[in-house]
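1. Okay, sequence plus prediction incoming.
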Amino acid sequence: MSRIVVMGAGSWGTTVAKVIADAGFEVMLWSRREEVANEINETQRNSDYLPGIDLPVNLTATSDLELALRDAEQVYLAIPSQSLRESLTAWKEFIPKTATLISLMKGLEQGTGLRMSEVMVQATGLPMTHMAVVSGPNLALEIAKQEPAASVCACADPERANEVARTCSNDYFTVFTNQDVIGTELGGVLKNLIAVAIGIVNGLGYGQNTKASIMTRGLAEITKFAVAHGARRRTMFGLAGLGDLIATSESSLSRNFRAGEMLGKGYTKREVLKRMQQTAEGLSSVEPVLESASQKGIEMPIVAQVSDVLNGRMKPQEFGRQLNLADDVEVEF
């Protein structure tokens with residue numbers, strides 16, 4: 001069996017470790033906090049992040065970094081995107097040169113606008129063919145409860161993609177593969193921004209017409225952005241694009257939706273960040289996305305409005321009333 005480690009014992013990292021263990025593999029879960037690792041080993045629970053969920057006995061945890069990464073063949077990364085570069089720089093000496101690194105993150109690096117796989121290459125010195133991305137409609141608690149779901153693994157090396165898919169697939173979770181790393185990765189990043197937008201209008205008490213309009217036009221915006229950056233259009237209408245957008249845009253389990261909902265109810269950015277127990281990646285990705293869009297001459301009026309509300313330049317009550325700023329061409333399938 002492969003030597004498999006998941007770095008990050010938050011809700012999604014723990015869920016992916018459970019998925020892999022339920023597929024029959026031994027998996028090590030690394031936690032920054034020793035007390036979390038101890039609880040998992042002693043009680044088979046992670047009560048801070050997955051309350052009420054029993055974890056398999058073939059899932060063990062550690063806070064020992066060197067132990068976690070020793071002889072690893074697959075390294076799943078489930079840490080906040082903005083700490084990825086610093087973390088990998090510190091971990092580099094312990095990561096085997098032949099390992100596949102799998103991003104479970106959905107953000108862009110602030111300051112550089114780089115995708116997580118690009119940061120992984122720069123920080124480790126490993127080739128892009130060693131980098132994979134798993135993305136899709138991934139609400140952690142639902143999957144931890146073994147509700148049927150699917151995702152996609154993208155990697156430039158199809159054999160590595162297949163290995164990850166085999167590792168992560170079980171009787172309730174299915175992983176498909178493709179080689180469109182850019183589209184799969186950007187789909188996960190960009191849908192968060194639209195989820196924040198849907199959360200804002202939900203916080204305002206608006207109904208389904210508004211939400212459906214923003215979701216559909218939002219899909220057009222993020223598809224245009226992704227294709228301009230090298231993604232395949234069809235990827236944006238698959239699990240990593242449309243599928244993830246639907247799951248994230250109206251679920252109370254979605255951190256980005258909840259963050260937007262608080263903004264819609266009048267909370268400031270500072271208040272939202274203080275109240276969020278886990279990272280809402282969409283909030284930190286808004287500005288890098290808009291900066292990159294501007295460089296390519298891409299208009300993203302919905303995402304721009306999210307930025308305006310987030311930074312106090314627009315009252316939440318004004319959100320969505322500028323849909324007419326979008327181009328009048330319907331999204332092409």
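-> Good, I have the coordinates.
2. give the contact list for the residue nearest the centre of the chain.
-> Central residue of the chain (CA atoms, centre = their mean): Lys106, 2.9 Å from the mean position. Residues in contact with Lys106 (CB atoms under 8 Å, 6 or more residues apart in numbering) are Ser81, Ser135, Gly188, Val189, Asn192, Glu281. (Glycine included, C-beta is placed from N, CA and C.)
3. mind listing the strands for the stretch 101-250 of the chain?
-> 131-135, 149-155, 173-178 (DSSP state E, counting those that start in this stretch).
4. follow-up on the earlier one: can you give me phi and psi for the residue nearest to the centre of the chain?
-> phi -140, psi 70 (degrees, to the nearest 10).
5. Setting aside sequence neighbours, what's the nearest residue to it?
-> Gly188 (3.8 Å; CB to CB, 6 or more residues apart in numbering).
6. wouldn't the one you found be in contact with Leu245 here?
-> No. Taking CB atoms under 8 Å as the definition, Gly188 is not a contact partner of Leu245, at 9.8 Å.
7. Which one's more surrounded, those two?
-> Gly188 (30 against 25; other CB atoms under 10 Å).
8. for Phe25, helix, strand, or coil?
-> Secondary structure assignment for Phe25 (DSSP: H, G, I helix; E, B strand; the rest coil): coil.
9. can you give me phi and psi for it?
-> Torsion angles, degrees, to the nearest 10, at Phe25: phi -100, psi 150.
10. With Val6 instead?
-> phi -110, psi 120.
11. Could you count how many residues lie near it?
-> 30.
12. Distance-wise, check it relative to Glu66.
-> Distance, Val6 to Glu66, by CB to CB, to the nearest Å: 16 Å.
13. now swap in Ala161 and tell me
-> Relative to Glu66, and taking CB to CB, Ala161 is found at 28 Å.
14. and what of Gln74?
-> 17 Å.
15. what's the answer for Thr167, then?
-> 23 Å.
16. Which member of the contacts of Lys106 is positioned nearest Pro51?
-> Of all the contacts of Lys106, Pro51 sits closest to Glu281, with 21.9 Å by CB to CB.
17. which ones are touching that closest one?
-> Going by CB under 8 Å, 6+ apart, Glu281 touches Pro80, Ser81, Met105, Lys106, Gly107, Val189, Asn192, Arg255, Asn256.
18. Tabulate these (JSON lines), appending pLDDT and distance to Leu88.
-> What follows is the contacts of Glu281, written out as JSON lines (pLDDT from 0 to 100; distance: CB to CB, whole Å):
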{"residue": "Pro80", "pLDDT": "91", "distance to Leu88": "13"}
{"residue": "Ser81", "pLDDT": "89", "distance to Leu88": "12"}
{"residue": "Met105", "pLDDT": "94", "distance to Leu88": "12"}
{"residue": "Lys106", "pLDDT": "89", "distance to Leu88": "17"}
{"residue": "Gly107", "pLDDT": "87", "distance to Leu88": "14"}
{"residue": "Val189", "pLDDT": "92", "distance to Leu88": "18"}
{"residue": "Asn192", "pLDDT": "92", "distance to Leu88": "22"}
{"residue": "Arg255", "pLDDT": "88", "distance to Leu88": "23"}
{"residue": "Asn256", "pLDDT": "90", "distance to Leu88": "24"}
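19. want to try TSV for the residues you listed, with distance to Leu114 as columns?
-> What follows is the contacts of Glu281, written out as TSV (distance: CB to CB, whole Å):
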residue	distance to Leu114
Pro80	15
Ser81	10
Met105	12
Lys106	14
Gly107	10
Val189	11
Asn192	16
Arg255	22
Asn256	20
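20. Just the buried ones among these, please.
-> Ser81, Met105, Lys106, Gly107, Val189, Asn192, Arg255, Asn256 (16 or more other CB atoms under 10 Å).
21. So which of these is the closest to Glu26?
-> Among those, and counting by CB to CB, the member closest to Glu26 is Met105, at 23.8 Å.
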